[in-house]
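[1] give me a model of this one.
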Amino acid sequence: MAPTHVLRCCQRGLAWIPVIFIALVVCWSYYAYVVELCILTIPSIGEQIVYLVFFHLSFIMFVWSYWMTIFTRPANPSKEFCLPKAEKERYEKEERPESQQEILWRAASSLPLYTRTGAGAIRYCDRCQVIKPDRCHHCSACDMCVLKMDHHCPWVNNCVGFSNYKFFILFLAYSLMYCLFIAATVLQYFIKFWTNELPDTHAKFHVLFLFFVAAMFCISILSLFSYHLWLVGKNRSTIGNTHTHIRLGICFLVVQSVENVKKYVLFFVVFSANNRKKKIQSYFKGTVHPKHKKKSYSHLSLVQFIHPDSFCVIFAASPVSQHPNTTVVI
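    Numbers count the residues shown, from 1 in each chain. Modelled structure (predicted):
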């Protein structure tokens, strides 16, 4: 047990190396841009002020979104998805998979579950000992089941899922804006470096590497950001793309990228005819998925509802208890 505990502590410590690396690069970029470029290289006071103002705006938003992505704890399944003590003991004593599935089916009959495994079984995590909600997956790095898990990102040392996917998208957007701004404003001085128009000081080398690093990160972040925007538009995730999905409009995309749409939804619900505020609030937990009664294809029901924290529209089929022969893999 002791060597295993020490090994696990070492793994947790090493997992912070990518985050520390990014933090050091960001600190250097701040020093290189503010001190070496704006103060020591740019001669115009007006240009310095304009560059510094817009740089700090993008820098603050970038650091804030990165911080929130790292330190927002992944959302876990609630207690209702845990087996009762008696059922849990029966499940552990039972050796036949068929009998274990019968126990899980009885427990899942009262839960808002719409998905199963490819073999048609109830999704159950033996390590966390919970019935997995829709789009919930077990992360081996975090050693927990994460609601609407997208992937485990080593650059933030955290699982990207229901609780922080919005912050992750904002982090990609603001980091892209940060790199683009640096590359665009440094470009003219980067050209002057090669034409020997810059003062012969160590500042010119900071300018040189500042442009290279910003351009390199800009290209890599742009590809990743584009991919996740595509996933959001298709209502898919990195870890497991849904086979059936719906598309988001660009208006929903813009609204959720700049503001938490939850407060707007609740505001308008108060003045709606049906006043469904309490019902909508229950959908923000990440485990409850409403059904759309009007749109129906065979026995499947489409859902169009925005979860503000997950930054994604949830798709749900009919409950597994109602359609035992239906298999939807997420």
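
[2] doesn't K93 make contact with Q100?
    No - with contact defined as CB atoms under 8 Å, Q100 does not reach K93; the gap is 9.9 Å. Glycine gets a C-beta too; all of them are placed from N, C-alpha and C.

[3] more neighbours: those two, which one.
    Using other CB atoms under 10 Å, the more surrounded residue of Q100 and K93 is Q100, with 19 against 9.

[4] assumed C145 was part of a helix.
    No - read with DSSP: H, G, I helix; E, B strand; the rest coil, C145 is strand and lies in no helix.

[5] what about it, neighbour count?
    For C145, using other CB under 10 Å, the count is 26.

[6] what pLDDT is listed against it?
    C145 is assigned a predicted lDDT (pLDDT) of 95.

[7] what about the chain, any weak spots by pLDDT?
    1-3, 240-330 (pLDDT under 70).

[8] domains for it, by residue range?
    17-75+157-239, 79-132 (the TED database).

[9] need the ones you listed in CSV (columns: distance to C9).
    Below are the domains of the chain laid out as CSV (distance: least, CB to CB, whole Å):
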stretch, distance to C9
domain 17-75+157-239, 14
domain 79-132, 19
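
[10] so which of those is nearest V146?
    Each of these has some distance to V146 by CB to CB; the shortest is domain 17-75+157-239, at 4.4 Å.

[11] mind listing the strands for this structure?
    124-125, 130-131, 137-139, 144-146, 151-153, 158-160, 296-297, 300-301, 306-307, 312-313 (DSSP state E).

[12] partner strands of the fifth one, parallel or antiparallel?
    Pairing partners of strand 151-153, with direction, according to DSSP bridges: strand 158-160 (antiparallel).

[13] list the buried residues in the lengthiest helix in the chain.
    Longest helix in the chain, counting residues (DSSP state H): helix 203-234. Within helix 203-234, the residues that count as buried by 16 or more other CB atoms under 10 Å are 203-204, 206-208, 210-211, 213-215, 217-218, 221, 225, 228-229, 231-233.

[14] elements contacting it?
    If you count contacts as 3 or more CB pairs under 8 Å, 6 or more residues apart in numbering; DSSP states H and E, helix 203-234 packs onto helix 17-31, helix 165-194, helix 250-258.

[15] kindly recompute the last result at 10 Å.
    Helix 203-234 sits against helix 17-31, helix 165-194, helix 250-258, strand 312-313, with contacts defined as 3 or more CB pairs under 10 Å, 6 or more residues apart in numbering; DSSP states H and E.

[16] of these, which stretch is the most buried?
    Of the helices and strands packed on helix 203-234, the one with the most neighbours on average (mean count of other CB atoms under 10 Å) is strand 312-313, at a mean of 24.

[17] and the angle from the longest helix of the chain to helix 17-31?
    Orientation check (axes from the mean of the first three to the mean of the last three CA atoms, to 10 degrees): helix 203-234 against helix 17-31 gives 130 degrees.

[18] what angle do helix 203-234 and helix 165-194 make?
    150 degrees.

[19] distance between helix 203-234 and the chain's centre?
    Offset of helix 203-234 from its chain centre (CA atoms, centre = their mean, to the nearest Å): 18 Å.

[20] now stretch 164-178 - C-alpha only, PDB.
    Coordinates of the C-alpha atoms in stretch 164-178 are reproduced here as PDB (Å, rounded to 0.1, in the frame of the first residue of the first chain):
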ATOM      1  CA  ASN A 164     -16.100  23.500 -16.800                       C
ATOM      2  CA  TYR A 165     -16.700  22.900 -20.500                       C
ATOM      3  CA  LYS A 166     -17.900  26.500 -20.900                       C
ATOM      4  CA  PHE A 167     -14.700  27.800 -19.200                       C
ATOM      5  CA  PHE A 168     -12.600  25.500 -21.500                       C
ATOM      6  CA  ILE A 169     -14.200  27.000 -24.600                       C
ATOM      7  CA  LEU A 170     -13.600  30.500 -23.300                       C
ATOM      8  CA  PHE A 171     -10.000  29.600 -22.400                       C
ATOM      9  CA  LEU A 172      -9.400  28.500 -26.000                       C
ATOM     10  CA  ALA A 173     -11.100  31.600 -27.400                       C
ATOM     11  CA  TYR A 174      -9.200  34.100 -25.100                       C
ATOM     12  CA  SER A 175      -5.900  32.300 -25.600                       C
ATOM     13  CA  LEU A 176      -6.400  32.500 -29.300                       C
ATOM     14  CA  MET A 177      -7.200  36.200 -29.000                       C
ATOM     15  CA  TYR A 178      -4.200  36.700 -26.800                       C
END
